[in-house]
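Chemist: this one's structure only:
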């Protein structure tokens, strides 16, 4: 599957250009051999996402979260003091 690297040094406008090209292809009925993770297609179709979509996209994060959620310990989530926040820095300052 194809994924965009958030740490890419490419200008953000180039990613927008890719989106425009893909949108034009869809609009004009042109079939492209592009394979995105299933969650991208689900978001485009406004379908609900699940933990399984996260596992497909990022197995280590998804399986870890699933293990915590399925834990039988009533205080595990509080004991771990976890906040699920995804942060990253890029050279574009966004």
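Modeler: Looks like it came in fine. If you're wondering where the values come from, they're calculated on a predicted model, not measured in any experiment. Numbering: from 1, shown residues only.
Chemist: Report the separation between residue 75 and residue 48.
Modeler: Note on residue 75: its distance to residue 48, by CB to CB, to the nearest Å, is 29 Å. C-betas here are computed from N, CA, C, even on glycine.
Chemist: next one: residue 61
Modeler: 19 Å.
Chemist: now swap in residue 35 and tell me
Modeler: 22 Å.
Chemist: now residue 73
Modeler: Counting by CB to CB, the gap from residue 73 to residue 48 is 28 Å.
Chemist: Three-state assignment for residue 30, please.
Modeler: coil (DSSP: H, G, I helix; E, B strand; the rest coil).
Chemist: who's in contact with it?
Modeler: residue 24 (CB atoms under 8 Å, 6 or more residues apart in numbering).
Chemist: And for residue 58, the neighbour number?
Modeler: 15 (other CB atoms under 10 Å).
Chemist: pLDDT averaged over stretch 75-86 - what is it?
Modeler: Computed over stretch 75-86, the mean pLDDT rounds to 69.
Chemist: my bad, should have said stretch 7-17
Modeler: Mean predicted confidence for stretch 7-17 is 81.
Chemist: Could you tell me the end-to-end distance of that stretch?
Modeler: 18 Å (CA to CA, to the nearest Å).
Chemist: Lovely, talk soon.
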